[in-house]
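Asks: for reference, the sequence and a predicted model appear below.
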Amino acid sequence: MKHGGDLTQAMAEFGGAADDWLDLSTGINPWPWPIRKLPDSAWQRLPSRADEQALLAAARGAYRVPDNAGIVAANGTQALIQLLPRLAADGAVAIVGPTYNEHSAAWSGAGHSIAAIGDLAELPAHVTHAVIVNPNNPDGRVVNPDRLAEVATVLQRRGGWLVIDEAFADVEAGISAVASCGKLPVVILRSFGKFYGLAGIRLGFAITTPDLANRIRTVLGPWSVSGPALHVGTRALGDVHWVLPTRVRLAAQAIKLDGVLMDAGFEIVGGTTLYRLARHRDASALHRKLAQQHIWCRSFDWAGDLLRCGLPPDAEALERLAQALAK
């Protein structure tokens, strides 16, 4: 599977309509932030500069962006992942993996050679840039902000960047490297849709030096975020009372999911509270057997013994997964 969250492949191979499936292939919060009625103007007119500034102010607060850093919004972090390599200085890039494969595709597509490494301690002397997903997808590994700042300092001397994809950083306070953004060549990518459960909004942010933020904004051009996304993002990011209970609820559901998987013979080897990574010697076969029962998890071409499972949304879905595994 190249990506989760698209049942087209599953339905084509195993049948059923979308409503028949329990889709656990993503790392998206199954309990989204509640969207309230949007003003008609969000749909009927072009987004204003004031709308964009309101969103960026809310994002600065939610992500604790320092005053000396810049922030820019885009139509999802995927757009930023594809744009950054084309703005970067020439030179090789080290990508800490295995991880989200679109980073390697974007940098190689822009003409940069790729050095695949398993840890930042293996940073090759010849690379100019580095990319790390933190927490990592799929294993949930976290590198602390101080270590990331050390690596960014090394890359600064080489004229390069440290790109940190923090798509899943909302689930746990204190793991973001955002404090480094104003003083080091760090680019942090934040995804709105995963933690807030609204992936279809297509909203993401780059937090970096003011100069690079302005370069990104110029290339994206005007109206890079839709009116509805601006309004929803502003309200959700400003809803500070929603965050902590949501983290607690996700953590509790992740523990329940771990229990179901371990009862079926899996070993939990990583993940975040939005998804769990589990090992079983027959993971590939179990992935197919679950699909035959219209349950869609995430498998990996590079590891036949691993399965990634998103959070079932309720007790009924947990029981359905448990019964399917028991068969």
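Replies: In hand now; what should we look at?

Asks: next up, the contacts around Ala74.
Replies: Counting by Cβ atoms under 8 Å, 6 or more residues apart in numbering, Ala74 makes contact with Leu80, Leu83, Leu203, Gly204, Phe205, Ala206, Ile216, Leu220, Ser224, Val225. The way it works is simple: take the backbone N, C-alpha and C, and place the C-beta from them, glycine included.

Asks: in a markdown table: those residues, plus secondary structure.
Replies: Formatted as a markdown table, those follow (DSSP: H, G, I helix; E, B strand; the rest coil):
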| residue | secondary structure |
| --- | --- |
| Leu80 | helix |
| Leu83 | helix |
| Leu203 | coil |
| Gly204 | strand |
| Phe205 | strand |
| Ala206 | strand |
| Ile216 | helix |
| Leu220 | helix |
| Ser224 | coil |
| Val225 | coil |
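
Asks: are any of these buried, and which?
Replies: By neighbour count, with 16 or more other Cβ atoms under 10 Å, the contacts of Ala74 hold Leu80, Leu83, Leu203, Gly204, Phe205, Ala206, Ile216, Leu220, Ser224, Val225 as buried.

Asks: and of these, the nearest to Val143?
Replies: Ala206 (19.3 Å; Cβ to Cβ).

Asks: bridged to that closest one, which residues?
Replies: Val72, Leu189 (DSSP bridges).

Asks: just checking, it touches Val187?
Replies: Yes. With contact defined as Cβ atoms under 8 Å, Ala206 reaches Val187; the gap is 5.9 Å.

Asks: find residues that contact each of those two.
Replies: Leu84, Leu212.

Asks: just the strands in the stretch 201-327 of the chain please.
Replies: 204-208, 267-272, 275-279, 295-296, 298-300, 303-310 (DSSP state E, counting those that start in this stretch).

Asks: go through the ones you listed and name the closest to Leu325.
Replies: strand 295-296 (8.9 Å).

Asks: which secondary structure elements does that closest one contact?
Replies: Applying 3 or more Cβ pairs under 8 Å, 6 or more residues apart in numbering; DSSP states H and E, one finds that strand 295-296 contacts strand 22-23, helix 315-326.

Asks: against which helices or strands is the first one packed?
Replies: So that's strand 22-23. Against strand 22-23 (3+ Cβ pairs under 8 Å, 6+ apart) you get strand 295-296, helix 315-326.

Asks: most tightly surrounded among the ones you listed?
Replies: Most buried of the helices and strands packed on strand 22-23, by mean neighbour count (mean count of other Cβ atoms under 10 Å): strand 295-296, with a mean of 25.

Asks: parallel or antiparallel, list what pairs with that strand.
Replies: Paired strands of strand 295-296, with direction, are strand 22-23 (parallel) (DSSP bridges).

Asks: report the next helix or strand after the strand it pairs with in sequence order.
Replies: As assigned by DSSP states H and E, the chain's next helix or strand after strand 22-23 is helix 40-44.

Asks: show me the domain layout of the protein.
Replies: 8-32+241-326, 40-238 (automatic domain parsing).

Asks: before we move on, what's the pLDDT of Met1?
Replies: Here the pLDDT value assigned to Met1 is 60.

Asks: cool, and Asp301?
Replies: For Asp301, pLDDT reads 89.

Asks: burial count for it?
Replies: Taking other Cβ atoms under 10 Å as the criterion, the count of residues near Asp301 is 9.

Asks: by contact count, what packs against the longest helix seen in the chain?
Replies: Secondary structure of the chain read by DSSP state H shows that its longest helix is helix 240-263. On a contact count with 3+ Cβ pairs under 8 Å, 6+ apart, helix 240-263 meets helix 49-63, strand 267-272, strand 275-279, helix 315-326.
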